[in-house]
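A.B. asks: would you be able to build a 3D model of this:
(one chain, ligands or ions: 1)
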Amino acid sequence: MFYRLIFCFFFICSISQAQTIIPLPNSYKPDNGFFKIPESITISGIEKEFTKLIPAFSTSVQKLSSLRITETTKNGTIRLIRNPKITGREAYRLKVNPQQITVEAGFPDGCFYGLQSLTQLIHGAKTGQIVCCEMVDQPRFEWRGMMLDESRHFFGMEEVKKILNLMSLHKLNKFHWHLTDSPGWRIEIKQYPLLTTLGAKGNYSNPEADAKFYTQNEIAEIVRYAADRFIEIIPEIDMPGHATAAAKAYPEFSGGGSKKFPDFTFNPGKEGTYQFLTNILKEVTTLFPSKFIHIGGDEVSYGNQQWVDFPEIQSLMKRENAKDLIGVEHYFLKRMADSIQKLGKTMIGWDEVVSAGLTTHPRVMWWRQDQPKMLDLALKSGYEVILCPRIPLYFDFVQAESHKAGRKWAGKFAPIESVYAFPSEEFTGGISISNPLIKGLQANLWTETMQTAENLEFMIFPRLSALAESGWTNQEVKSFPNFRDRMATMTDIYQKSAVHFFDFRNSEKESEITEL
Ligand code: TNX
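C.D. replies: Numbers count the residues shown, from 1 in each chain. I've put the predicted structure just below:
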């Protein structure tokens, strides 16, 4: 009992003192005294990999506060120290004493995260001083991601950079980029120029909209921008469904569709289709250093009805002994999984790929919250899994009952409290979340219902902050009321960063519909 009281005392102290940091550090010990923040401060480090991080740190602090930071080759007031005993790639130790602040890490990633915590400490120090402390911190999950769909609506480089910037402040480390889907193809492929000259025209709300896409130079710039912030970008080229934009450009590879989803699929019966798609993936892999490539694989049944009419698909079914269209779909996935293996990459697919029996061990994104059996099967097959169930991790679902823009699933939606409560077995149909094959979590932002950057940001913020804490902070130290308090500082950061957000802490005061 006594020890329990002591534990509670330290626990409460520690979370109240780390008031300003999101995600909440996993261990925080307050100490006596304060560090008084001067008007300008020096910073130093020995390792080049660490000092490289200083200019971005200075810029981001200066954007949020008036503190000036100068780099010095002597011992600075802030010191970046490489400590090989800190073995986690993303782990860091941050010590604040009255004279000095040190950030220690074994790797640049950890040093970067230590600096993000420090940025938030400085910003949150409303009285001009930081409570002396020691933080020893590392993430709960290795995959802490967000997906953005730029096919349905295109938002462009500046918006993507803005999101990446705020992701990095929150220690999120994966940006999954949904670059192709039915309304538009958004990535330049040099070998197949029509994919963008024709396929990039239109969007979900206006099929006549001008072509919008990223050139390969722009992609390279964004990949670099993300890497500087320790964010890995994973491209998705969706197949064999969601392919209407590609079919507009190269109809010879279309496998038809349905009334509601015309030209929805690629044609799995033609050898040329595999060559075409492999050539595309080859170019894509040269642009993205990530070891992963995502090939979708979702919702094929929306538009594969016409497959039965193609003689080449009929002969494929005979040749491969495929009993039905699911068999054809699985054959397609096997072929593409082989191509990806030859390209030296690891395939990711939506949870539909689980039943294809692939021996190449794809990584799986479990999204169908109503089908926990797919999560179960993925884990039993030994596949590594990222959790992103619609409820509560689809940020195109509304965040408050009264909100109109966005979706609901049989009346259910995704309030910030549920994003914060994730992961828990309540959302996985009782399947254990402590399985080591579960590599992390991700929010998905489908953009059918968002046409402007303002709408988009409104759906992302503040849920992104809750997502970050769910990905980083251990269950034992998480507390929603405490998170809600810490959101005061974060809200200020949102305002200084000019993002549109849902002010959930003051939602009672807002009118019924708060979207823009
Ligand atoms: C399902 S999740 C989709 C998307 C939609 C989304 C809308 C998934 C793999 N497919 O194509 O945009 O629902 O919430």
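A.B. asks: run a quick neighbour tally on the residue of the stretch 351-500 of the chain found nearest the ligand.
C.D. replies: Across the stretch 351-500 of the chain, the shortest distance to the ligand (CB to the nearest ligand atom) belongs to residue 446, at 3.3 Å. Heads up, the C-betas are built off the backbone N, CA and C, glycines and all. If you count neighbours by other CB atoms under 10 Å, residue 446 ends up with 23.
A.B. asks: ok, now which ones touch it?
C.D. replies: Applying CB atoms under 8 Å, 6 or more residues apart in numbering, we find residue 446 in contact with 149, 152, 178, 394, 396.
A.B. asks: now do residue 279
C.D. replies: 191-192.
A.B. asks: go on, the one 4 residues further on?
C.D. replies: Shown here is residue 283, whose contacts under the criterion CB under 8 Å, 6+ apart are 189-191, 216.
A.B. asks: how about 7 Å then?
C.D. replies: 189-191 (CB atoms under 7 Å, 6 or more residues apart in numbering).
A.B. asks: mind listing what's buried in whichever strand or helix holds it?
C.D. replies: Per DSSP states H and E, residue 283 falls inside helix 271-287. Going by neighbour count (16 or more other CB atoms under 10 Å), the buried part of helix 271-287 is 273-274, 276-278, 280-281, 284-285, 287.
A.B. asks: closest one of those to residue 315?
C.D. replies: residue 273 (14.4 Å; CB to CB).
A.B. asks: isn't the closest one up against residue 254?
C.D. replies: No. In this structure, residue 273 is not within contact of residue 254 by CB atoms under 7 Å, at 9.2 Å.
A.B. asks: overlap in contacts, these two.
C.D. replies: In contact with both residue 273 and residue 254: 266-267, using CB under 7 Å, 6+ apart.
A.B. asks: which residues of the stretch 101-250 of the chain fall in helices?
C.D. replies: 108-124, 157-169, 194-197, 216-228, 244-249 (DSSP state H, counting those that start in this stretch).
A.B. asks: these into CSV, with extra columns for mean neighbour count, distance to residue 315 and mean pLDDT?
C.D. replies: Shown next, in CSV, are those (neighbours: other CB atoms under 10 Å; distance: least, CB to CB, whole Å; pLDDT from 0 to 100):
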stretch, mean neighbour count, distance to residue 315, mean pLDDT
helix 108-124, 24, 51, 97
helix 157-169, 19, 44, 98
helix 194-197, 18, 28, 98
helix 216-228, 16, 37, 98
helix 244-249, 24, 22, 98
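A.B. asks: which positions in the stretch 201-350 of the chain make contact with the ligand?
C.D. replies: Residues of the stretch 201-350 of the chain lying near the ligand by CB under 6 Å from any ligand atom: 298-299, 350.
A.B. asks: mind checking which of the residues you listed are buried?
C.D. replies: 298, 350.
A.B. asks: restricted to strands, list the residues of the stretch 201-350 of the chain next to the ligand.
C.D. replies: residue 350 (DSSP state E).
A.B. asks: what's the closest of the residues of the stretch 201-350 of the chain next to the ligand to residue 261?
C.D. replies: Among those, and counting by CB to CB, the member closest to residue 261 is residue 299, at 8.9 Å.
A.B. asks: helices of the stretch 401-516 of the chain, start to end?
C.D. replies: According to DSSP H, counting those that start in this stretch, the helices that the stretch 401-516 of the chain contains are 416-421, 453-460, 463-472, 480-496.
A.B. asks: single out the most deeply packed of those.
C.D. replies: helix 463-472 (a mean of 27; mean count of other CB atoms under 10 Å).
A.B. asks: check which helices and strands that one sits against.
C.D. replies: Contact here means 3 or more CB pairs under 7 Å, 6 or more residues apart in numbering; DSSP states H and E; on that basis helix 463-472 packs against strand 143-149, helix 416-421, strand 438-445, helix 480-496.
A.B. asks: distance between it and the chain's centre?
C.D. replies: 10 Å (CA atoms, centre = their mean, to the nearest Å).
A.B. asks: the closest residue to residue 151 other than its chain neighbours: how many residues sit nearby?
C.D. replies: Leaving aside its chain neighbours, residue 151 sits nearest to residue 181 (3.4 Å; criterion: CB to CB, 6 or more residues apart in numbering). Taking other CB under 10 Å as the neighbour definition, residue 181 ends up with a count of 26.
A.B. asks: list the contacts of residue 181.
C.D. replies: Residue 181 touches 149, 151-152, 238, 242, 245, counting by CB under 7 Å, 6+ apart.
A.B. asks: can you tell me which of those residues has the most neighbours?
C.D. replies: residue 151 (30 neighbours).
A.B. asks: return the residues of this protein in contact with the ligand.
C.D. replies: Looking at the ligand, the residues of the chain close enough under CB under 6 Å from any ligand atom are 298-299, 350, 367, 394, 396, 407, 446, 448.
A.B. asks: how does it look with 5 Å?
C.D. replies: Within the chain, the positions near the ligand by CB under 5 Å from any ligand atom are 298, 350, 367, 396, 446.
A.B. asks: export those to TSV and tack on pLDDT?
C.D. replies: Below are those laid out as TSV (pLDDT from 0 to 100):
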residue	pLDDT
298	97
350	98
367	98
396	98
446	98
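A.B. asks: just those residues now: which is nearest residue 203?
C.D. replies: residue 446 (13.0 Å).
A.B. asks: that closest one and residue 169, how far apart?
C.D. replies: 24 Å (CB to CB, to the nearest Å).
A.B. asks: circling back to that earlier point, out of the helices and strands packed on helix 463-472, flag the one nearest residue 309.
C.D. replies: strand 143-149 (30.3 Å).
A.B. asks: what strands line up against that closest one, and which way round?
C.D. replies: strand 174-178 (parallel), strand 438-445 (parallel) (DSSP bridges).
A.B. asks: CA atoms of the last one as PDB?
C.D. replies: When you say that, I think you mean strand 438-445. Provided in PDB are the C-alpha atoms of strand 438-445 (Å, rounded to 0.1, in the frame of the first residue of the first chain):
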ATOM      1  CA  ILE A 438       1.800  -5.600 -34.100                       C
ATOM      2  CA  LYS A 439       4.200  -2.900 -35.100                       C
ATOM      3  CA  GLY A 440       2.200   0.100 -34.500                       C
ATOM      4  CA  LEU A 441      -0.700   2.300 -35.600                       C
ATOM      5  CA  GLN A 442      -1.800   4.700 -38.200                       C
ATOM      6  CA  ALA A 443      -4.600   7.200 -38.900                       C
ATOM      7  CA  ASN A 444      -6.000   7.300 -42.400                       C
ATOM      8  CA  LEU A 445      -7.200  10.400 -44.000                       C
END
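A.B. asks: chain center to that strand, what's the gap?
C.D. replies: Distance, centroid of strand 438-445 to centroid of chain: 7 Å (CA atoms, centre = their mean).
A.B. asks: and if you look at the first one?
C.D. replies: Strand 174-178 sits 6 Å away from the centroid of its parent chain (CA atoms, centre = their mean).
A.B. asks: any idea how far residue 240 is from residue 321?
C.D. replies: 19 Å.
A.B. asks: now swap in residue 234 and tell me
C.D. replies: 34 Å.
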